[in-house]
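sequence and computational prediction follow.
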Number of protein chains: 2
Amino acid sequence: MSKSVYDSLMRPFKHPPLSEFVLERVLYALSDPVRLEIIRRLDEMGEASCGELDGGRPKSSMSHHFRVLRDAGLVQTQNVGTTHMNSLRRDDLNNRFPGLLETILSQHD
Amino acid sequence: MSKSVYDSLMRPFKHPPLSEFVLERVLYALSDPVRLEIIRRLDEMGEASCGELDGGRPKSSMSHHFRVLRDAGLVQTQNVGTTHMNSLRRDDLNNRFPGLLETILSQHD
DNA sequence: CTCATAGTTCGAATAATATCGAATTAACGT
DNA sequence: ACGTTAATTCGATATTATTCGAACTATGAG
């Protein structure tokens, strides 16, 4: 599911394995407006750096939110040069919680 | 959607209208293990009193959790005699957030 | 009317989160 | 090496939640 090819690039961050995904933690991570917005943008954009997604918010705040999202298994972050590229762990999420991500992302207003 | 017939029975509790449902609030309400369990039991049982769903937990704690669930629009509570009967606001939820409740309830482990 | 039952509300203690500046780390360009 | 950029970690503060006993409310039974 996760690409072992990229493992070395993702070393600095803990990306939990499927077996450690917890539904409550995923729902909690998505219950914050800032984090939900991050997920929506990543859904549209495919991938984005942290800087592209702050809405003028301090980096340290954003970093915190990204960590919550990573810990929940929603986002994976890989170092590419000096920036951190984030993307959704779509396949992993759909494998562990079928339909959940798509259903939440399909909600509007 | 909500039955006006029952309005008088539900007076003591504020049940938000569809227009006030907020996705983040719903996700937050479900991110607590106790509350998620309540929702799962209500899904199985159809309806239940508060007392039937406490797992030996204090009444005041349960009352708090039910309030969070009501405020999010997940649960409706009506006074019937001396007990409070709770049930899922299935139709309202499916109307406002199509598929969300079912998708979350279909997750296991 | 009195008592018991079912839940709520209040209040206080504890715990968990959020926010953000400052210091830190890492990788790149020159 | 040095400076720059990108983002994390640290630490402090503030906000918000959780928990639960005690007091309160409402309903029904006797």
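Good, I have the coordinates.

how about the nearest residue to residue A:22 once chain neighbours are set aside, what does it touch?
In space, and not counting its chain neighbours, residue A:22 is closest to residue A:72: 7.7 Å by C-beta to C-beta, 6 or more residues apart in numbering or on different chains. For glycine as for every other residue, the C-beta is placed from the backbone atoms N, C-alpha and C. By C-beta atoms under 8 Å, 6 or more residues apart in numbering or on different chains, the residues touching residue A:72 are A:21, A:22, A:25, A:26, A:28, A:29, A:30.

dig out what the residue nearest the centre of chain A forms beta bridges with.
By C-alpha atoms, centre = their mean, chain A has its centre lying nearest to residue A:75, at 1.8 Å. Note on residue A:75: beta-bridge partners by DSSP bridges are residue A:88.

what's the spacing between the worst-scoring helix or strand of chain A on mean pLDDT and its chain's center?
Between all helices and strands in chain A, the lowest mean by mean pLDDT, DSSP states H and E belongs to strand A:75-80, at a mean of 95. The chain centroid and the centroid of strand A:75-80 are separated by 9 Å under C-alpha atoms, centre = their mean, to the nearest Å.

in it, what counts as buried?
A:75, A:76, A:77, A:78 (16 or more other C-beta atoms under 10 Å in any protein chain shown).

returning to what we had before: so which of the contacts of residue A:72 wins on neighbours?
residue A:30 (27 neighbours; other C-beta atoms under 10 Å in any protein chain shown).
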